[in-house]
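> kindly generate the corresponding structure for this input.
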Amino acid sequence: MHARIASLPMYLANRPAVAALWELLRQALDAAGMERLPGELTWPQDYHAHWLEPDLLISQTCGYPLTHALTGQVQLVGCFAYDTPQCEGIYCRSVLVARTEHAHSTLEQFRGLRVAFNAQDSQSGTNALRALVAPLARGGRFFGSTIATGSHSASMAAVQECQADLAAIDCVTYAALQRYTPQASNGLCAVGTTDAYPGLPLVTELATSAADLVLLQQALRALVVNPQAATTLEALGIAGFETPALSVYQRCVEMRESAQALGYPALA
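Numbers count the residues shown, from 1 in each chain. Just a heads-up that it's a prediction; the model follows:
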């Protein structure tokens, strides 16, 4: 019988540490008697197709698509807590990143300038920023132009290269890039943050049994306090693991609806 699928695809600034984290988790699940465990992680290119794959044991997705595109398609396993300055428990904020020439600018002063975002369905790069900007928009517009980049690192590069003037970057990604790829933030600075929202959810397919879901959650709780995992956890900025109710991600919906209510349905 073939192995199931596992991935942790969202924070890859230190990919060897991500692979090491899975190996520690795999060992714990194997010891608990879980079957069909993959030996290695999958590194998907098409995230949405991957999250809907049969035999998905575990993956990490974004909170915003969990509230619509993935509704009724996956089960919530839990959420890591991270130790970056903009995180509190499982909640985090996006960092507003600009070139240092804008270091003392307020958000209002970016009116008519250019914004880069990673993807339309990103909580950190789009939805949280849309909610923040909505009260400042006029006639459904605030920015002069928008550019979709495909990733947070590409959004930062677009700001560096003067293709854009502002981007909202997941705070864990921002901290990891500063740590492992410092050139990615050369000439850039943080000029603010968005409001808080729940962090990236860990998910499994709907067909995962209740017993296996419990094993996953137990193994993850044990992992974050395992002394043998301390170096790997520190490398990834992971400080804990929680199992919140799915309803906490309603915060993402509230952010979208607040912007829509103000006549600002999309970054513009």
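
> let me see the ranges of the helices in the stretch 151-268 of the chain.
Remark: helices of the stretch 151-268 of the chain, listed N- to C-terminal, are 152-160, 171-180, 210-223, 230-236, 250-261; assignment by DSSP state H, counting those that start in this stretch.

> can you list these in TSV and add mean neighbour count, distance to Gly112 and mean pLDDT?
Every residue, glycine included, has its C-beta placed from N, CA and C. Output for the helices of the stretch 151-268 of the chain, formatted as TSV (neighbours: other CB atoms under 10 Å; distance: least, CB to CB, whole Å; pLDDT from 0 to 100):
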stretch	mean neighbour count	distance to Gly112	mean pLDDT
helix 152-160	22	16	98
helix 171-180	21	25	98
helix 210-223	17	45	98
helix 230-236	17	38	98
helix 250-261	17	19	98
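
> nearest to Leu25, out of these?
Nearest to Leu25, of all the helices of the stretch 151-268 of the chain, is helix 210-223, at 5.6 Å by CB to CB.

> how distant is that closest one from the center of its chain?
On the basis of CA atoms, centre = their mean, to the nearest Å, helix 210-223 sits 21 Å off its chain's mean C-alpha point.

> any chance of CSV for the helices of the stretch 151-268 of the chain, columns distance to Ala13?
Below are these laid out as CSV (distance: least, CB to CB, whole Å):
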stretch, distance to Ala13
helix 152-160, 8
helix 171-180, 4
helix 210-223, 20
helix 230-236, 9
helix 250-261, 24
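
> tell me which of these approaches His104 most closely.
Of all the helices of the stretch 151-268 of the chain, helix 152-160 sits nearest to His104, with 16.3 Å by CB to CB.

> now that closest one against helix 171-180, angle please.
70 degrees (axes from the mean of the first three to the mean of the last three CA atoms, to 10 degrees).

> who are the packing partners of helix 152-160?
Other helices and strands packing on helix 152-160, by 3 or more CB pairs under 8 Å, 6 or more residues apart in numbering; DSSP states H and E, are strand 94-99, strand 114-117, strand 166-170, helix 171-180, strand 188-193.

> pLDDT score for the closest residue to Val253 other than its chain neighbours?
Once flanking residues are discounted, Val253 sits nearest to Thr67: 5.0 Å by CB to CB, 6 or more residues apart in numbering. At Thr67, the model reports a pLDDT of 96.

> which one of the helices of the stretch 151-268 of the chain lies closest to Leu12?
So among the helices of the stretch 151-268 of the chain, helix 171-180 is nearest, using CB to CB, at 8.5 Å.

> the closest one packs against which elements?
Using 3+ CB pairs under 8 Å, 6+ apart: helix 171-180 touches strand 94-99, helix 152-160.

> got a markdown table for these, with distance to Ser145 too?
Below are these laid out as a markdown table (distance: least, CB to CB, whole Å):
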| stretch | distance to Ser145 |
| --- | --- |
| strand 94-99 | 15 |
| helix 152-160 | 11 |
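
> before we move on, back to that, and the helices of the stretch 151-268 of the chain: which comes nearest Pro16?
Pro16 sits nearest to helix 230-236 of all the helices of the stretch 151-268 of the chain, at 8.5 Å, using CB to CB.

> contact partners of the closest one?
If you take CB atoms under 8 Å, 6 or more residues apart in numbering as the criterion, helix 230-236 is touched by 11, 14, 17-18, 20-21, 24, 176, 223-224, 239.
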